[in-house]
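Student: would you be able to build a 3D model of this:
(chains A and B, ligands or ions: 1)
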Amino acid sequence: MLKLKSPHEIKELQLCLEASETTRPCISVCAGSGCKASGADNVIASLRKELEKRNLAGTIDLKSTGCHGFCEKGPVMIVWPEKVFYNGVSQSDAKDIVASVMNGHKPVEKLLYKDPNTGERVLHEHDVPFYARQQRILFGNNGKLDPKDIRDYIKVGGYHALGHVLTDFTPEQVVESVKRSGLRGRGGAGFPTGVKWEALRKSAVRPRYIVCNADEGDPGAFMDRSLLEGNPHSVIEGIIIGGYALEAKEAYVYVRAEYPLAVEHLSVAIQQAEKAGLLGDNILGTKMSFRIHLVQGAGAFVCGEETALLASIEGKVGEPNPRPPYPVQKGLWGKPTVINNVKTWASVPVIINKGADWYASIGTERSKGTMVFSLVGKINNTGLVEVPMGITLREMIYEIGGGIPKGKKLKAIQIGGPSGGCIPASMIDLPIDYEALTQAGSMMGSGGMVVMDEDTCMVDLARYFMEFLEEESCGKCFPCREGTQRLKDILNRISQGKGTEEDLELLDDAGWMIKETSLCGLGQTAPNPVLSTLRYFRDEYEAHIRDKKCPAKVCRELIVYEIDETICDGCHACVRVCASEAILGEKDKPHEIESGKCIKCGACIEVCQPKAVLVH
Amino acid sequence: MPQVDMEKVEPLLEQYEDQRLNLIPILQDVQETYRYLPELVLRRISKKLRVPLTEVYQVATFYRCFSLVPRGKHVIQVCLGTACHVRGAPRVLDRILRDLKLPHAGTTEDLQFTVETVRCIGCCGLAPVARVDNANTHPHLTQAKVGGLLKKYQEKAEAPKAAKPDEASHAKA
Ligand SMILES: Cc1cc2nc3c(=O)[nH]c(=O)nc-3n(C[C@H](O)[C@H](O)[C@H](O)COP(=O)(O)O)c2cc1C
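Tutor: Numbering: from 1, shown residues only, chains lettered A, B, ... in the order given. This is a model prediction of the structure:
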C-alpha cells in the first residue's frame, strides 16, 4: 500500500476503495480462535478448492474474518451481499454453499440457524436472537473485515477518527471529548478514562508512555483476544489518537503469549500501519511521530495488574508495586504512563467519530457506552456479547444466551473474573452497571460472565478460584500469599466433608483481613468468590459441613456412584471406559460398580446412553 | 549437566540489543529453541545483558511459560479456565494424566509429552478444551475422546524417535 501523506488522503483512499467495491458475492468465514478450533481452516480450504474446481475464483470472493462472537455454533460464516448466516458448517458443505451462491442465493437450509424455541430457520445474522439484542459498536466490524488487510478497515471508515483529530482537534480537546463521553476503563476497575488522561497531562516530565493492557488473564474471558484477532486496527487507531492527546511518542501493547493468533494479527497490523504512514515519523505528513511496540507476556496472571505489567515490560519479575505513585505519575522507567485496556482504546475512535454526546447517551447514569461480555458456562448460546450498559441479567441469560441447557435451573452468575463474585439466580433482574454489580458483592471486572446451573457446587467453585488465586499470587505481600493458601485449605477441608462450623467464621474473618491489607488488586479482591458464595449460598456450605453432603453432587469425597439395575441395558460401554476397572457385569446383564475401586472420575456417566449411572 | 548446543545461542542473541527490557523476549526465544532454559545459556545471557545471574533466574522461575528442565516433544495445555472447569475439565485432565502415567502435570519419562494446565486460552465457547503444541485446539473434550487425542500425537511422535537417544539420556542426567 502507498504511504498516506496527509489526513485527507485517508478519506480519499476510503472513497477509492468503496468505488472499486465489486458486487461480487463474498463468502466470509470466521477464522477466530474458536471457529478455528471447530475446523474453520478446513472449511476455508475446501471452499477454495471448490471455487477453483468450478473456475469461480474470480466470480466469488472468499475471505477469512475475525471472530463473530457466536463461538458455540462455529464455524460460522456470512455470504454477502445477501448476508446469509450459516452456522455449524463443515468441510463437506463447501459444494452446497458454492452451488447456492451460483443458483441465485437459494440458501442452504440445513446450515441456517435454527431457533431452538420455535424450530424455525433464521436467514440473517441480525435476526438470530443471540445478535438481535446486542449493540455492537466495537465488535460490529469483526465479521466484515479481513484483519490482515488494512484496506478493509479503511473501507469501513477506519483511521477516519485519527485524520479528524489531527486536523481539527487540539490534544486538550481530545481529552475533553473522552472525558465528556463518560468512558470508563474496561480493564476492571472502571476508572474514568478522560480523568486519567487529564492527570497525566498535568505532569511536566517527559517522555510520556502509553500502554495497552492486553494481558486478559481472567479465565473465562476472551473479548480482548477477539478484538485483537478480528479488528486490530481499531485498537491501534485508538492508541495513536491517545498518543496525540497525551503527546507521547511510544506505546507498548502487552499481549499474553497464550494468544498466538492475536499476536500475529496485531504485528501484521502494526507493520501495515507503518507502511501506510500511520505510524512512524511524521505520521500523515504531520509533526507527530509515534511508534507501537508489541510485548508478549510470559504467563503470570498478576501481570495484568498495571504496576506488575510495567515491571514485566521492563524485563523484570512481574510483581506489583504500591500505589501511589500511580503510573500517570511514575510509570514505565519512572516516566508518566497511561495504561488502558484493549476495549478502552478501541472505544476512542468511536467516540471521536460519533461524538462524545452520542456515546454518553448509551447506558446508565454512571456507566456509559457498551460493555463486552464473554457469556460462557452452562448457557445455550456461548459467545461474545456486546450490550449497552444497564441491560438486565435476565435479558443477557434468557434472551441473548437462550437460557440454560438441558432444561436445568439457573443457580448463579459469576461476573468479573476470579476476583468477581457470584450473583444468585434470585437477583436476575439486576441491571448490569459498575455500581449495581459492586453493591451486589460482585464486580464488572473485564467482562467474564460464567453461568452456573444446579449441577455446579458453589463450594467447589470457591475452592477453584482460591486455588487459582493462590497459584497466581506473586508472593510479595504476606496477606495475599498466606491468606489465599489458608482460604484454599479451609475450602478443601469443607469440600472433603471435614469442615466445621467455625470454618465458616474463619473464612469470613480471613477474607476481610486479606481484602483490607493486601498490596494490590489481586489480594484486595481475592476473597470475593468466597465471601459472595458465603453470603448467598451459606446453606450449601452448611450441607457440606453438617450433613457431609454435596447438594450439587460434585465434591468427590461426598458422593458415590451407582448403577440402577432397572435402567442398565448391559451395553458394556461403561466397563470399557472405566479408569479403575471398578465396573463388573457381563454383557447384556445389568452392571455393578464396586465402590471400593471407584475413583469417581465420572467417565461412565459420560458414555451411558440409558442414563443408568446415578450419583448420590 | 546435559550437553547443550551452544552454537544456536549467539545468532539468537544477536537479534536483540543488549538491554534489560529484552530479557523476557530472549528467554522466550530460548525456551522455544531448546524447549527449556539450559543453565549455560542463562549464564551467557546474564553476561551479555549485564543482568546478574540471580535476577535472570528470578525471571526464569517467576513466569509460567519458562521451564528449567526439558519439555516434551508435544506440549498438551489443558485449559482449566472457569468455563472449562464448570464443564468438566478437571476430569479430562485426570484422564490425560492417568493415561500418560503422570502423577501430576509434567513431562513423561520418554520426553514425548508435557502436560500443562493453563488458565484460559479464550476458547470458552468450546469448553472443555486442550491445545497441543500451541496450535491445535481440541474442542468439547470428554474422557472418551482423550485416548484418540493422545494417539494422534503418539503416532506422529514415533517416527523421528530414532534420532532422539541423546535427549533421553539428558533426562536422567
Ligand atoms: C490481579 C489483576 C489483574 C488484572 N488483569 C487485567 C487484565 O488482564 N486486563 C486489563 O485490562 N486490566 C487488568 N487489570 C486492571 C489493571 O490493573 C488496570 O486497572 C487497567 O489496565 C487499566 O485500564 P482501564 O482503565 O482501561 O481499565 C488487572 C488488575 C488486577 C489487580
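Student: check contacts around the closest residue to A:I60 other than its chain neighbours.
Tutor: Distances taken as CB to CB, 6 or more residues apart in numbering or on different chains put A:P25 closest to A:I60, at 5.1 Å, once the chain neighbours are dropped. Placement of C-beta: from N, CA and C, glycine included. A:P25 makes contacts with A:59-61, A:79-82, A:101, A:105, as judged by CB atoms under 8 Å, 6 or more residues apart in numbering or on different chains.
Student: and the ligand, which of these contact it?
Tutor: The overlap between these and the neighbourhood of the ligand (criterion: CB under 6 Å from any ligand atom) is empty.
Student: out of those, which sit inside strands?
Tutor: Taking DSSP state E as the definition of strands, the contacts of A:P25 contribute A:61, A:79-80.
Student: closest one of the contacts of A:P25 to A:I563?
Tutor: A:V79 (49.0 Å; CB to CB).
Student: which of the ones in strands among the contacts of A:P25 count as buried?
Tutor: A:79-80 (16 or more other CB atoms under 10 Å in any protein chain shown).
Student: may I ask which of the ones in strands among the contacts of A:P25 comes out lowest in pLDDT?
Tutor: The lowest pLDDT within those belongs to A:W80, with 89.
Student: would you check how far apart that one and A:G34 are?
Tutor: According to CB to CB, to the nearest Å, A:W80 stands 21 Å off from A:G34.
Student: what is the nearest of the contacts of A:P25 to B:Q28?
Tutor: With CB to CB as the yardstick, the closest approach to B:Q28 among the contacts of A:P25 comes from A:D61, at 37.2 Å.
Student: quick check: closest non-adjacent residue to that closest one.
Tutor: Distance criterion CB to CB, 6+ apart; nearest residue to A:D61, sequence neighbours excluded, is A:C26 at 4.0 Å.
Student: Provide the backbone phi and psi angles at that neighbour.
Tutor: Geometry field for A:C26 lists phi and psi as phi -140, psi 130, criterion degrees, to the nearest 10.
Student: how close does it get to A:I362?
Tutor: Between A:C26 and A:I362 the distance, using CB to CB, works out to 30 Å.
Student: ok, now B:T54?
Tutor: 52 Å.
Student: repeat for A:V175
Tutor: The gap separating A:V175 from A:I362 is 20 Å, by CB to CB.
Student: what about the two, which has more around it?
Tutor: For the pair A:V175 and A:I362, the greater number of neighbours falls to A:V175 (22 against 19), based on other CB atoms under 10 Å in any protein chain shown.
Student: look up how far A:M102 lies from the residue nearest to A:D61.
Tutor: From A:C26 over to A:M102 the distance is 14 Å, taken as CB to CB.
Student: what do those two both touch?
Tutor: Between them, A:C26 and A:M102 share these contacting residues under CB under 8 Å, 6+ apart: A:I60.
Student: thinking A:W80 is in contact with A:T22, fair?
Tutor: No. Because the distance of 10.5 Å does not satisfy CB atoms under 8 Å, A:W80 is recorded as not touching A:T22.
Student: circling back to that earlier point, now do the contacts for the residue nearest to A:D61.
Tutor: Applying CB under 8 Å, 6+ apart as the definition, the contact partners of A:C26 turn out to be A:60-63, A:79-81.
Student: next: A:R208.
Tutor: For A:R208, the set of contacting residues under the criterion of CB under 8 Å, 6+ apart consists of A:200, A:246-249, A:335-338.
Student: may I see those residues organised as TSV, with pLDDT and secondary structure added?
Tutor: Rendered in TSV, the data for those read as follows (pLDDT from 0 to 100; DSSP: H, G, I helix; E, B strand; the rest coil):
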residue	pLDDT	secondary structure
A:L200	97	helix
A:L246	98	helix
A:E247	98	coil
A:A248	98	coil
A:K249	98	coil
A:K335	98	coil
A:P336	98	coil
A:T337	98	strand
A:V338	98	strand
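Student: top of those residues by neighbour count?
Tutor: A:T337 (27 neighbours).
Student: ok so, going back, specify the beta-bridge partners of the residue nearest to A:D61.
Tutor: Following DSSP bridges, A:C26 is listed with bridge partners A:D61, A:W80.
Student: tell me how many other residues surround the residue of chain B found nearest chain A.
Tutor: Using CB to the nearest CB, the point where chain B gets nearest to chain A is B:G125, with a distance of 2.8 Å. Residues near B:G125, counting by other CB under 10 Å, number 31.
Student: likewise for the one 5 residues further on?
Tutor: Taking other CB under 10 Å as the neighbour definition, B:A130 ends up with a count of 27.
Student: CA atoms only: put the helix or strand hosting A:D503 into PDB for me.
Tutor: Secondary structure from DSSP states H and E places A:D503 in helix A:501-517. Only the C-alpha atoms of helix A:501-517 are listed here, as PDB (Å, rounded to 0.1, in the frame of the first residue of the first chain):
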ATOM      1  CA  GLU A 501     -18.900 -24.600  61.800                       C
ATOM      2  CA  GLU A 502     -16.000 -22.400  62.900                       C
ATOM      3  CA  ASP A 503     -14.500 -22.700  59.500                       C
ATOM      4  CA  LEU A 504     -17.300 -20.500  58.100                       C
ATOM      5  CA  GLU A 505     -16.400 -17.700  60.600                       C
ATOM      6  CA  LEU A 506     -12.800 -18.200  59.800                       C
ATOM      7  CA  LEU A 507     -13.400 -17.800  56.100                       C
ATOM      8  CA  ASP A 508     -15.300 -14.600  56.700                       C
ATOM      9  CA  ASP A 509     -12.700 -13.100  59.000                       C
ATOM     10  CA  ALA A 510      -9.700 -14.100  57.000                       C
ATOM     11  CA  GLY A 511     -11.500 -13.000  53.800                       C
ATOM     12  CA  TRP A 512     -12.000  -9.400  55.100                       C
ATOM     13  CA  MET A 513      -8.500  -9.300  56.500                       C
ATOM     14  CA  ILE A 514      -7.000 -10.200  53.200                       C
ATOM     15  CA  LYS A 515      -9.200  -7.600  51.400                       C
ATOM     16  CA  GLU A 516      -8.100  -4.800  53.800                       C
ATOM     17  CA  THR A 517      -4.400  -5.400  54.000                       C
END
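Student: show the average pLDDT along it.
Tutor: Mean predicted confidence for helix A:501-517 is 96.
Student: and what of stretch A:292-306?
Tutor: Average pLDDT, stretch A:292-306: 94.
Student: list the buried residues of it.
Tutor: Those would be A:292, A:294-306, for stretch A:292-306 by 16+ other CB under 10 Å.
Student: overlap between those residues and the residues near the ligand?
Tutor: Among the buried residues of stretch A:292-306, the ones lying near the ligand by CB under 6 Å from any ligand atom are A:302, A:304-306.
Student: so which of those belong to helices?
Tutor: Counting by DSSP state H, the members of these that fall within helices are A:E306.
Student: how's the chain carved up into domains?
Tutor: Since you didn't name a chain, this refers to chain A. For chain A, whose domains are defined here by automatic domain parsing, the residue ranges read A:7-132, A:158-360, A:370-453, A:458-547, A:560-615.
Student: not what I meant, chain B
Tutor: B:6-62, B:74-156.
Student: most tightly packed of those?
Tutor: Ranked by mean neighbour count under mean count of other CB atoms under 10 Å in any protein chain shown, the domains of chain B are led by domain B:74-156, which reaches a mean of 20.
Student: is it up against the ligand anywhere?
Tutor: No. Domain B:74-156 lies out of reach of the ligand by CB under 6 Å from any ligand atom, never closer than 10.4 Å.
Student: average pLDDT for that domain?
Tutor: pLDDT averaged over domain B:74-156 equals 92, rounded to a whole number.
Student: and for stretch A:263-276?
Tutor: 97.
Student: so which elements touch the lengthiest helix in chain B?
Tutor: In terms of residue count, the longest helix belonging to chain B (DSSP H) is helix B:143-158. Of the remaining helices and strands, those touching helix B:143-158 by 3 or more CB pairs under 8 Å, 6 or more residues apart in numbering or on different chains; DSSP states H and E are helix A:603-607, strand B:74-79, helix B:89-99, strand B:130-132.
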